Each structure stands twice: as structure tokens, then as C-alpha cells.
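A.B. asks: sequence first, predicted model second:
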Amino acid sequence: MSDLIFEENVPLAPLTTLKVGGPARYFTEPRDVDELRAAFERSRADDLKVFVLGGGSNVVVSDEGFDGLVIRPNFLGIAFEPGGDTTNVSAGAGENWDEFVETCVNKGLAGVEALSGIPGLVGGTPIQNVGAYGQDVSGTIVAVDCYDRETGSVETFSNAACGFKYRESIFNTTHRDRYVVLKVTFRLVNDGRPTIAYRDLVQHFAGREPDLTELRAAVLAIRRSKSMVLNANDPNSRSAGSFFKNPIVDRAIYETIAAKFGQVPMFPIDDTFVKIPAAWLIENAGFEKGARLGGAGISSRHPLAIINADGASAGEIIALKDAIQEEVGKKFSIFLTPEPVFVGF
């Protein structure tokens, strides 16, 4: 008999980085597969909707909250399996992501150092193929262990089976809401060289090759300068991170925009497609850093972050999101796709 605890009317706002939203009707934190299975059995028996919550860094919860069962898996533990020039590192889905990165860097394991400072838990990283500063987790993930909500069994996915694309995987597209991540295994390079692909990092080190610790410190400094490291004293960090994906468009569309608006930044994807920074589109659609709409706002440090500036409601966050999408669409004929998951709407 499981001793899994089900709490009632648990506030969800404190469990998210945006700090908005109402309560969960029921809430539980399973620590192993048996308890996770028991939570889903309870949801079926009581006909409850289910939302699986991780670190809360990529969610917007409605003001009404979630009228169902919120499950926050608390699977912990990190294991190292050395093999030749690499080490396989397995981490439970409930491990803090940045602490995991720090542990790997301190052991001289390269492959995730540029992902320092990203809030959230390990289990969330394969879902949206988390990436920053020249690295994506898809570059190092070798296996993702998941609980199948349909069959109640545990399944292991290889890197290829995860279907990784830019900010995508099967877990947030074709198989959304079917699997719960239990454990992620990364293959990292022993005493490896750090990744220095991001422009700010290239400029920071000016041709000098840092070690992994120096690279991590530089990434954290850059993220702090943009209020993208959690800080209770910095309202700019009360966000869901980058709120919109950088749109990938046909080169012909880009050239039309560039012909009309002058020099437009872009990053080539291949011969056909380019990526345009959503931050540039937002600012050039008339939304300046520090802009406000009620209690919601745009970070004064980074136009890509919608923030809870001053006691915002979820409704105000959504109103600002809608306004940005509408103006960018009008001016550039581009639809900005939000990155966060919307809960209880």
C-alpha cells in the first residue's frame, strides 16, 4: 500500500518562476515508479485531469488554477559510468538542472557547461530540447527513461527516438502528455574542451580558451546581466524564461522583411531557412524593454522575457502575450510561438 500523500488546494504560483496562478485541486509528489503509478491510478479512479509539473520554469498557470491532480515527480540521484574518453551521467528527473551542470563541470565533464544557470529540473530538459549559448541537450543525451501513462510501463528512448528538433521532441509534439520523464542519461567528454560558439562568449574570451569552470562562470555572468538567473530580489527574473521561440522562416520571407526594414539580424539554418531573433521582432514591433501592461511587463534587461513586474495576474501575462503576437504579426507577418506550457486555461 503506497503512503503517497495527496494534498488539497495547494498554491501553484510559488512552485513556478513566474509566480502567477491559482491552486491545484489535488497535489502529490511521487518518489518512485510505484508511487507515480499510484498517482495515475487515483486520477483515473476519481476521473481527475492530470498535469505533470517539473521545476515550474516554463509554465503559466491560470488565475483559476488547475481543477485536477498536479503530479510533481521527485525522482532523485546522479550516477556516473566512465567509459574511455566519455562518461555516461544519469540523473533523476527531479534533480535541479543547474546543480547538475555544476556537478558535471566540477568533475571536468564537458557537454552541458554552456547550459549553466537555466532554471528547472533535469526531467524538463529533453521535453523541449533545452538549449542556450551554443549547446542543446540533444547533443549529449543518450537515453531518456519514461513512464508510459497509457500502459503503466517504463520505456527507454534513445536520442534518435526522442525526435529532437529546435525546442522540440516527441514529448511536447507527437507524444505530448503520454510520457513522464523519470531519468535522463547524458554522454559527456572527460576533460573536454568547453563550447565557445555564442557571440558574447567569443568576445568575452577574445581568442583565449577557458576551462569548463571559467566558461560556466562567464555564462552565469551573461545570464545575470539579462536577469535570466533566478534572484528573489530581481523582479526581472520573475519570468518563464524566453517567452517566445525564435521563428524559423524561409529566406525569401527574411529578404522581404530585410528589404523593408533594413538590417535584420538572422542565423542561417540551411540553404532554405533562417532564424530571426524574436527579441528583435518584439522590440521593432514597438515593445520596449521595461514596458508594462498592468502588473505584467517586459524585462528591462531582455525583450524576450515577459515578467511578473508587480503582482501580475495570469490574465495580465496572457494579455501582454497576445498584444505582442498581434503587433509582430501585423508588422512582419510572422506568428510568434510561445515557449511556456499554459495550465488551467
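C.D. replies: All right, it came through fine.
A.B. asks: need the longest strand for this structure.
C.D. replies: With secondary structure taken from DSSP state E, the chain has its longest strand at strand 179-190.
A.B. asks: quick one, longest helix in this protein?
C.D. replies: In the chain, taking DSSP state H as the definition, the longest helix is helix 314-332.
A.B. asks: who are the packing partners of that one?
C.D. replies: For helix 314-332, the packing partners by 3 or more Cβ pairs under 8 Å, 6 or more residues apart in numbering; DSSP states H and E come out as strand 59-61, helix 278-284, strand 292-293, strand 296-298, strand 306-308. The way it works is simple: take the backbone N, C-alpha and C, and place the C-beta from them, glycine included.
A.B. asks: please identify the most buried of the ones you listed.
C.D. replies: When neighbours are counted by mean count of other Cβ atoms under 10 Å, the highest per-stretch mean among the helices and strands packed on helix 314-332 falls to strand 306-308, a mean of 29.
A.B. asks: helices or strands up against that one?
C.D. replies: On a contact count with 3+ Cβ pairs under 8 Å, 6+ apart, strand 306-308 meets strand 296-298, helix 314-332.
A.B. asks: now the helices and strands packed on helix 314-332 as a markdown table including distance to residue 69?
C.D. replies: Listed next are the helices and strands packed on helix 314-332 as a markdown table, based on distance: least, Cβ to Cβ, whole Å:
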| stretch | distance to residue 69 |
| --- | --- |
| strand 59-61 | 14 |
| helix 278-284 | 34 |
| strand 292-293 | 32 |
| strand 296-298 | 28 |
| strand 306-308 | 25 |
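A.B. asks: same list (these) but as JSON lines, adding distance to residue 115 and mean pLDDT.
C.D. replies: Supplementary listing: the helices and strands packed on helix 314-332 in JSON lines, determined by distance: least, Cβ to Cβ, whole Å; pLDDT from 0 to 100:
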{"stretch": "strand 59-61", "distance to residue 115": "19", "mean pLDDT": "96"}
{"stretch": "helix 278-284", "distance to residue 115": "19", "mean pLDDT": "95"}
{"stretch": "strand 292-293", "distance to residue 115": "31", "mean pLDDT": "94"}
{"stretch": "strand 296-298", "distance to residue 115": "24", "mean pLDDT": "96"}
{"stretch": "strand 306-308", "distance to residue 115": "22", "mean pLDDT": "95"}
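A.B. asks: so which of these gets nearest residue 128?
C.D. replies: Comparison of the helices and strands packed on helix 314-332 against residue 128 by Cβ to Cβ identifies strand 59-61 as nearest, at 11.5 Å.
A.B. asks: list the strands paired with the closest one, with their directions.
C.D. replies: Here strand 59-61 is paired, per DSSP bridges, with strand 341-343 (parallel).
A.B. asks: picking that back up, closest to residue 136 out of the helices and strands packed on helix 314-332?
C.D. replies: The minimum distance between residue 136 and the helices and strands packed on helix 314-332 falls on helix 278-284, with 17.1 Å, by Cβ to Cβ.
A.B. asks: just give the nearest non-adjacent residue to residue 286, would you?
C.D. replies: What sits nearest to residue 286 in space, not counting adjacent residues and going by Cβ to Cβ, 6 or more residues apart in numbering, is residue 327, at 5.9 Å.
A.B. asks: give the contact list for that neighbour.
C.D. replies: Contacts here follow Cβ atoms under 8 Å, 6 or more residues apart in numbering; on that basis residue 327 touches 285, 286, 287.
A.B. asks: from residue 283, how far off is it?
C.D. replies: Relative to residue 283, residue 327 is positioned 11 Å away (Cβ to Cβ, to the nearest Å).
A.B. asks: what does residue 258 give?
C.D. replies: When residue 258 is compared with residue 283 (using Cβ to Cβ), they lie 16 Å apart.
A.B. asks: kindly report the same for residue 245.
C.D. replies: With distances taken as Cβ to Cβ, residue 245 is found 16 Å from residue 283.
A.B. asks: where does residue 157 land in three-state SS?
C.D. replies: With DSSP: H, G, I helix; E, B strand; the rest coil as the basis, the three-state label of residue 157 is strand.
A.B. asks: lowest-confidence helix or strand of this protein?
C.D. replies: Scoring the helices and strands of the chain by mean pLDDT, DSSP states H and E places helix 199-205 at the bottom, with a mean of 86.
A.B. asks: show me what that helix is packed up against.
C.D. replies: Right, helix 199-205 is packed against helix 212-225 by 3+ Cβ pairs under 8 Å, 6+ apart.
A.B. asks: could you point out which element follows the helix it packs on?
C.D. replies: Beyond helix 212-225 on the C-terminal side, the first helix or strand identified by DSSP states H and E is strand 248-250.
A.B. asks: just the C-alpha atoms of the next helix or strand after that next one, please, in PDB.
C.D. replies: Read in the C-terminal direction, the helix or strand following strand 248-250 is helix 251-261, with elements assigned using DSSP H and E. Only the C-alpha atoms of helix 251-261 are listed here, as PDB (Å, rounded to 0.1, in the frame of the first residue of the first chain):
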ATOM      1  CA  ARG A 251      14.900  33.000 -46.800                       C
ATOM      2  CA  ALA A 252      12.500  34.700 -49.200                       C
ATOM      3  CA  ILE A 253      10.400  35.900 -46.300                       C
ATOM      4  CA  TYR A 254      13.500  37.100 -44.500                       C
ATOM      5  CA  GLU A 255      14.700  39.000 -47.500                       C
ATOM      6  CA  THR A 256      11.300  40.700 -47.900                       C
ATOM      7  CA  ILE A 257      11.500  41.800 -44.300                       C
ATOM      8  CA  ALA A 258      15.100  43.000 -44.700                       C
ATOM      9  CA  ALA A 259      14.200  44.900 -47.800                       C
ATOM     10  CA  LYS A 260      11.500  46.800 -46.000                       C
ATOM     11  CA  PHE A 261      13.100  47.300 -42.500                       C
END
